[in-house]
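K.L.:
give me the fold of what follows.
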Amino acid sequence: MFTGAKVFTATKAKDREELGEVLTRWLRDNPRAKVLDKIVTQSSDNEFHCLSITIFYELAAA
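P.N.:
Prediction:
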């Protein structure tokens with residue numbers, strides 16, 4: 001059972017390249033968050049490409 005979900009998403013190429021670092025920074029800033037599952041989604045249309053990483057986590061006791 002998870003207690004939270006966090007979505008990281010980007011559409012611009014530079015932002016997509018940095019998405020992993022953004023997620024890593026969030027994890028570093030939230031050390032009580034234990035990732036239980038993740039979903040990586042890519043979608044696109046004629047003009048835009050979107051990358052999303054959704055993590056499901058539980059908070060460890062303080």
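K.L.:
next, count neighbours for Asp45.
P.N.:
7 (other Cβ atoms under 10 Å). C-betas here are computed from N, CA, C, even on glycine.
K.L.:
show the backbone phi and psi for it.
P.N.:
The phi/psi pair for Asp45 (degrees, to the nearest 10) reads phi -130, psi -160.
K.L.:
for Ala10, see how far away it is.
P.N.:
15 Å (Cβ to Cβ, to the nearest Å).
K.L.:
repeat for Cys50
P.N.:
7 Å.
K.L.:
pretty sure Lys14 sits in a helix.
P.N.:
Yes: membership of Lys14 in a helix is supported by DSSP: H, G, I helix; E, B strand; the rest coil.
K.L.:
pLDDT value on it, please?
P.N.:
At Lys14, the pLDDT value in this model is 94.
K.L.:
what of Phe48?
P.N.:
83.
K.L.:
returning to that earlier point: who has more neighbours out of Cys50 and Ala10?
P.N.:
Per other Cβ under 10 Å, whichever of Cys50 and Ala10 has more neighbours is Ala10, with 17 against 14.
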